[in-house]
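In: 3D, please:
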Amino acid sequence: MEKTIRIGTRASDLAVWQAKTVSDQLEYLGYKTTIIEIDSLGDLVLDKPLYQLGVTGVFTRNLDVAMLNGEIDIAVHSAKDVPTVLPEKIVQAAVLKRGDEKDILVFKKNQEFFSEETAVVATGSLRRKAQWLNRYPNHTVVGLRGNVNTRLKKLKTNDWNGAIFAAAGLNRLDLTPENHINLSWMIPAPAQGVVLVTALADDSFSLEACEKINHKETEICATIERDFLNLLEGGCTAPIGALAYIHHEKETVVFKGVLLSQDGKQKIDVTKETKLGYEHTIARYCVGEIFEKGGKGILLRNEGVLSKTHQVFSTKKLLESQKQLIDSSIQFEDSDFIRIRFNRIPPLVVKNEIENVLITSQNAVESLLTSFTSDELQFKNIYCVGRRTKRLIEKKIGKVSHVEKDAAKLAEYLVQNLKGEEVTFFCSDKRLDELPNTLAENNISLQEVQVYKTLFSAQKLTDDIRGVLFFSPSAVQSFLLENSADKIAFCIGETTANEARKHFKEVIIADVSTAESVVKSVNTYYNNI
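Out: The predicted structure is shown next:
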């Protein structure tokens, strides 16, 4: 072991601490080392956010050049600063056991500002900024650059409520202030808290030495996180968080990832757990789920590719969780274009047990339950349209004999199985003719009971709205009272689509009859144009 391993590092206190740690571990094993400090572009240019410097690896490039020029043998980095694709001829040689991966907030006076409408928090990280704004949209986030000591001093001298730091950096320098809190809800940067060592691919001596200080568990987790970042193609312009850890009792690997728009308004997160030893595909699986939820649109918008927003309107108020799925490239509005008024149903209607009942909407179920108790609704056979309607019926009334995804298919089934029998149809005053006509043509007696009224409440839309989401045929009819059909109709199912096709040239049907699937069809359409 006569060769001295030259360890390259940035000159900041934290970087030197990391290099010294690698040096101590190698020397404990009998190797000789020396530390060489090299300035980086990221350390020299402090008046711009990292994503505006225009290069990848602003903290690693000068060390890479020094290694390729033969000035150092290995380089020590904070793993989160290292590009996911290393330069040619340079390879990952080791990672040390991970430190604290969390982000922390250092606050100046107290934590009362969390409950206030406005506050100012500092960070130089797009990821931290986006997650903070997603959670506290009324706060202001200002830029903060420099080494750990510099950032702590800036916090003291500026009129900020607090600043966000990596816990590992403060802990390693013994600089963690008492007035701090852990941001356990914030997903860290990929490989945060990990020290990574690189070497030349053909330097067998250095590679063999570094292999002896490699921490396998940290390597597994950091690799998953960096693969996730790489597959998302996210550089400094994308707020991406990733955390993998091993659940020792269950012998599984758990992964959590997040992608946000830079303003924090759009957020997509994923969680996946798999058996230890089968974790090699977990990053790819999670990226696929991110893309399915509209992640490509967020990435393109972050990069400035999607400067023009697409305007869409939903004819039904969506839940906040459903709105979160909408691509950031899409400007979205919603309003209820139909209102429902339940009818008072005479007791005689359900006095005797009814043989065959037909229900095509959840509104009909709710209306029945406003007039009768579940015990009073004694139906022998219940036929319905839609899985959600089926679930509601079986939860509140009784077992469903048969369900189809649209009225036309249910009509076909009834024609084949109820020859000459009578059916009671609980419907709206604006029910479609297709199903009743089909049954009448095939000699099935239909008794219609109007259990609710559908009231139109459309509004006039602006000309820049190009796509409209429809969740019922009645919503289509209501829309057309105030608007023209020169738009794209995104429909929840075939029955709604059939009504839309009578008027709209372009009709797109969701894969599954859910609001989430309608939103997905909108994202897919605009991501592909």
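In: can you tell me how far Asp39 is from Asn147?
Out: Asp39 sits 12 Å away from Asn147 when distances are taken as C-beta to C-beta, to the nearest Å. The way it works is simple: take the backbone N, C-alpha and C, and place the C-beta from them, glycine included.
In: the more surrounded of the two?
Out: Under the neighbour definition other C-beta atoms under 10 Å, Asp39 and Asn147 were set side by side, and Asn147 has more, 18 against 12.
In: please name the nearest non-neighbouring residue to that one.
Out: Sequence neighbours aside, Ser12 is the residue nearest to Asn147 in space, at 4.3 Å (criterion: C-beta to C-beta, 6 or more residues apart in numbering).
In: burial check on that neighbour, number of neighbours?
Out: Ser12 has 23 neighbours, counted by other C-beta under 10 Å.
In: for it, give its distance to Ile38.
Out: According to C-beta to C-beta, Ser12 stands 11 Å off from Ile38.
In: Thr424: what secondary structure?
Out: Assigned by DSSP: H, G, I helix; E, B strand; the rest coil, the conformation of Thr424 is strand.
In: let me fix that, I meant to ask about Val106.
Out: Of the three states, Val106 takes strand under three-state DSSP.
In: do the same with Asp269
Out: Following three-state DSSP, we place Asp269 in the strand state.
In: does the nearest residue to it once chain neighbours are set aside count as helix, strand or coil?
Out: What sits nearest to Asp269 in space, not counting adjacent residues and going by C-beta to C-beta, 6+ apart, is Val258, at 4.3 Å. Using three-state DSSP, the structure places Val258 in strand.
In: try Thr150
Out: What three-state DSSP gives for Thr150 is helix.
In: before we move on, back to that, now do the contacts for the residue nearest to Asp269.
Out: Gln131, Ile187, Ile240, Gly241, Ala242, Lys267, Ile268, Asp269, Val270 (C-beta atoms under 8 Å, 6 or more residues apart in numbering).
In: correct me, but the third one touches Ser125?
Out: No: taking C-beta atoms under 8 Å as the definition, Ile240 is not a contact partner of Ser125, at 10.8 Å.
In: hey, what's in contact with both of the two?
Out: Ala189.
In: so Leu207, which state does it fall into?
Out: Per three-state DSSP, Leu207 ends up helix.
In: show the model's pLDDT score for it.
Out: Per-residue pLDDT puts Leu207 at 97.
In: what about the helices in the stretch 201-350 of the chain?
Out: Secondary structure of the stretch 201-350 of the chain (DSSP state H, counting those that start in this stretch): helices at 204-211, 216-231, 282-292, 295-302, 320-323.
In: what's the closest of those to Tyr383?
Out: Among the helices of the stretch 201-350 of the chain, helix 320-323 comes nearest to Tyr383, with 28.6 Å by C-beta to C-beta.
In: the closest one - contacts with which helices or strands?
Out: Helices and strands touching helix 320-323, by 3 or more C-beta pairs under 8 Å, 6 or more residues apart in numbering; DSSP states H and E, are helix 515-527.
In: so where's the stretch 1-150 of the chain shaky on pLDDT?
Out: Low-confidence segments of the stretch 1-150 of the chain (pLDDT under 70): 1, 40-58.
In: against Gly169, how distant is the residue nearest to Asn147?
Out: 10 Å.
In: what of Cys286?
Out: Per C-beta to C-beta, Cys286 is found 27 Å from Gly169.
In: one more: Arg284?
Out: 30 Å.
In: do the same with Thr150
Out: 12 Å.
In: neighbour count for the two, which is higher?
Out: Taking neighbours as other C-beta under 10 Å, Thr150 and Gly169 compare with Gly169 leading, 24 against 13.
In: surely the more buried one and Leu14 touch.
Out: Yes: contact criterion C-beta under 8 Å: Gly169 and Leu14 qualify, at 5.2 Å.
In: tell me the centre residue of this structure?
Out: For the chain, Ile268 is the residue whose C-alpha lies nearest the centre (C-alpha atoms, centre = their mean; 1.2 Å).
In: and that one, what is it in contact with?
Out: Contacts for Ile268 (C-beta under 8 Å, 6+ apart) come out as Val258, Leu259, Leu260, Ile290, Lys293, Gly294, Gly295, Ile298, Gln324, Leu325.
In: run through this structure and note the low-pLDDT ranges.
Out: Filtered on pLDDT under 70, the chain yields the residue ranges 1, 40-58, 234-237, 301, 303-309, 528-529.
In: now do the domain split for it, please.
Out: With domains defined by automatic domain parsing, the chain comprises 1-96+192-214, 103-182, 216-306, 308-337+457-527, 340-456.
In: what about the shortest one, how long is it end to end?
Out: Using C-alpha to C-alpha, to the nearest Å, the span of domain 103-182 from its first residue to its last is 6 Å.
In: the last one too?
Out: The first and final residues of domain 340-456 sit 9 Å from each other (C-alpha to C-alpha).
In: quick one: distance of that domain to the chain centre.
Out: Its chain's average C-alpha position is 38 Å from that of domain 340-456, according to C-alpha atoms, centre = their mean, to the nearest Å.
In: do the second one as well
Out: Between the centre of domain 103-182 and the centre of its chain there are 24 Å (C-alpha atoms, centre = their mean).
In: just the buried residues of stretch 396-405, please?
Out: Buried positions in stretch 396-405, judged by neighbour count with 16 or more other C-beta atoms under 10 Å: Ile397, Gly398, Val400, Val403, Glu404.
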